[in-house]
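Visitor: 3D, please:
(one chain, ligands or ions: 2)
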Amino acid sequence: MNNYAVEIESLRKVYRVGNEKIVALDDVTLNIQTGEIYCILGTSGSGKSTLLNLIAGLERPTRGSIRINGNSIEKMNERQLVLFRQRYLGFVFQSYNLLPTLTALENVSLPLTFRGIKKQVREKEAAKILTSIGLKTHLNHRPTQMSGGQQQRVGIARAFVSKPRLMLADEPTGNLDSKTSGEIIELILKLARDNQQTMVIVTHDSDVARIADKTVHILDGAIERIE
Ligand code: ADP
Ligand code: MG
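Guide: Numbers count the residues shown, from 1 in each chain. Ligands and ions are numbered 1, 2, ... in the order given. Have a look, this model is predicted:
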C-alpha cells in the first residue's frame with residue numbers, strides 16, 4: 001500500500017455545450033498524500049470545481065481514473081457512489097447547501113443517520129460539534145435565521161461530524177467577508193489537522209496557500225505547478 005489518499009491519473013473532462021467542446025480538465029495526474037492539506041489555486045474557469053466534483057464522484061470523467069483509498073470511483077455505479085460518499089467523504093460548499101426546513105442541529109445530524117446511529121446519539125454528537133465551533137445558542141435556528149458565516153459553520157459541522165477520511169471544500173469562503181473568511185479557513189484547517197484528515201480545499205485566495213501543506217496551481221484545466 002502506498003500512502004496516497006487520492007490517486008488521479010490522466011484525468012480529462014470535456015463538456016459539450018451545443019456544438020462546442022469545452023475541455024475543463026486536460027490530462028491531470030496528481031497524487032494526494034494521506035493526512036495532508038492541499039490547496040487548489042487558480043483563476044475562475046480554470047477547472048477547480050470540475051476537479052473537486054470528479055474526486056467526489058459527483059461528475060464522471062471523460063477519460064482517466066481516480067482512486068480513493070484504493071477504490072476506483074469511475075467504475076462505481078450511482079448506488080455505490082452514494083454509499084462511498086457517505087462513508088469516506090465530507091464536502092463543504094461555497095453556498096452552504098443546508099436544508100432550509102431543518103434546524104442547525106438537524107442539518108448536522110443528517111450524515112449520521114446514514115451510519116445507523118440512534119437519534120439521541122446523533123443529536124448529541126451534532127450539538128457537541130456545533131457547540132465547539134461557537135453555535136451553542138443557534139442549535140435550533142434554521143438557515144435563514146443565521147448569518148452567512150454561521151451558516152457556513154453549520155456546513156462545516158455537517159461535513160466533519162462523521163469524521164470522514166477525505167474532506168473536500170470548494171471555495172468555502174467565496175460568499176463571506178474577509179474577516180469571516182479568515183475565521184472559517186482557520187476553523188476548517190484546524191478541524192482537518194486535529195482529525196488527521198486528508199483535505200483538498202479549492203480557493204482563489206492565496207492566503208490559504210500559506211497554511212496548506214501543498215499548493216496545486218491549475219491553469220486552463222492543467223496543473224501548472226505544485227509547491
Ligand atoms: P473553476 O471552478 O476553476 O472556476 P470550473 O471547473 O467550474 O472552473 O469550470 C472549468 C471550465 O468548464 C469552464 O470553462 C466552465 O465554463 C466549464 N464548465 C464547468 N461546468 C460546466 C458544465 N456543466 N457544462 C459546460 N461547461 C462547464
Ligand atoms: Mg469553481
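
Visitor: Which residues of this structure lie near ligand 1?
Guide: When proximity is defined as C-beta under 6 Å from any ligand atom, the chain approaches ligand 1 at 15, 17, 22, 24, 42, 44-50. Using the backbone N, CA and C atoms, a C-beta is placed for each residue, glycine as well.

Visitor: Quick one: buried ones out of those residues?
Guide: Neighbour-count burial (16 or more other C-beta atoms under 10 Å) applied to the residues of the chain next to ligand 1 gives 24, 42, 46-50.

Visitor: And for the residue in the chain that ligand 2 sits nearest to, nearest residue in space, chain neighbours not counted?
Guide: Of all residues in the chain, the one sitting closest to ligand 2 is residue 49 (3.2 Å; C-beta to the ion). Leaving aside its sequence neighbours, residue 49 sits nearest to residue 170 (C-beta to C-beta, 6 or more residues apart in numbering; 5.5 Å).

Visitor: go on, residue 135?
Guide: Counting by C-beta to C-beta, 6+ apart, the residue nearest residue 135 is residue 153, at 5.7 Å.

Visitor: per-residue confidence for that neighbour?
Guide: pLDDT recorded at residue 153 is 97.

Visitor: who's in contact with the helix or strand hosting it?
Guide: Residue 153 is part of helix 148-160, with elements assigned from DSSP states H and E. By C-beta atoms under 8 Å, 6 or more residues apart in numbering, the list of residues contacting helix 148-160 from outside reads 90-93, 96-98, 104, 107-108, 110-111, 126, 129-130, 133-135, 138, 141, 143, 146, 167, 169, 172-173, 175-176, 180, 183-184, 187-188, 191, 195.

Visitor: Separate out the buried members of those residues.
Guide: Applying 16+ other C-beta under 10 Å to the contacts of helix 148-160 flags 90-93, 96, 98, 104, 107-108, 110-111, 126, 129-130, 133, 135, 138, 141, 143, 146, 167, 169, 172-173, 175-176, 180, 183-184, 187-188, 191, 195 as buried.

Visitor: need the longest helix for this structure.
Guide: As assigned by DSSP state H, the longest helix anywhere in the chain is helix 178-194.

Visitor: contacting residues around it?
Guide: 37, 92, 133, 148-149, 152-153, 156, 160, 167, 169, 172-173, 176, 197-199, 201, 205, 207-208, 211-212.
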